[in-house]
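Chemist: Provided below for reference: sequence and predicted model.
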Amino acid sequence: MRLLLFVSATLLGTVMIGTRAQAQNYPWCALYGGGATGGAQNCGFSTYGQCMATVSGIGGFCQLNTLYVPPAGPHPQARRKPS
């Protein structure tokens, strides 16, 4: 009976999920200081502003993700500030 329940739950989970989850690739990383115990890193930010808003008040800093690979295809040009 337990085996049947396990197999049913596994099949149901596979059908409901469908595809595998894939890691996200974003250009900005937040680095949090952890002192002697180390720290954490979150590379889930599209913009520098998003990253800075996250570390604001909790400590840390933002840096470009060195592993970021932009998606294939044409990309819009960055806006330039008027002179």
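Modeler: Cool, got the structure. Numbers count the residues shown, from 1 in each chain.
Chemist: all strands of the chain, in order?
Modeler: In the chain, the segments counted as strands under DSSP state E are 28-32, 40-45, 61-64.
Chemist: the first one to strand 40-45, inter-axis angle?
Modeler: On the basis of axes from the mean of the first three to the mean of the last three CA atoms, to 10 degrees, strand 28-32 is oriented at 160 degrees to strand 40-45.
Chemist: tell me what strand 28-32 is packed against?
Modeler: Under the contact criterion of 3 or more CB pairs under 8 Å, 6 or more residues apart in numbering; DSSP states H and E, the helices and strands touching strand 28-32 comprise strand 40-45, helix 48-55, strand 61-64. (Glycine included, C-beta is placed from N, CA and C.)
Chemist: which one of these lies closest to Pro76?
Modeler: Closest approach to Pro76 among the helices and strands packed on strand 28-32 is made by helix 48-55 (17.2 Å; CB to CB).
Chemist: so what touches that closest one?
Modeler: Under the criterion CB atoms under 8 Å, 6 or more residues apart in numbering, residues Trp28, Cys29, Ala30, Tyr32, Asn42, Phe45, Phe61, Cys62 lie in contact with helix 48-55.
Chemist: what do you get if the cut-off is 10 Å, keeping everything else the same?
Modeler: Contacts made with helix 48-55 from outside it, assessed by CB atoms under 10 Å, 6 or more residues apart in numbering, are listed as 26-33, 42-45, 47, 60-65.
Chemist: show me which of those residues are buried.
Modeler: Listed as buried from the contacts of helix 48-55 are Pro27, Trp28, Cys29, Ala30, Leu31, Asn42, Cys43, Gly44, Phe45, Gly60, Cys62, Asn65; burial here means 16 or more other CB atoms under 10 Å.
Chemist: so where's the protein uncertain?
Modeler: Within the chain, the stretches falling below the threshold (pLDDT under 70) are 1-24, 35, 78-83.
Chemist: what is the burial count for Gly34?
Modeler: A total of 11 residues lie near Gly34 under the criterion other CB atoms under 10 Å.
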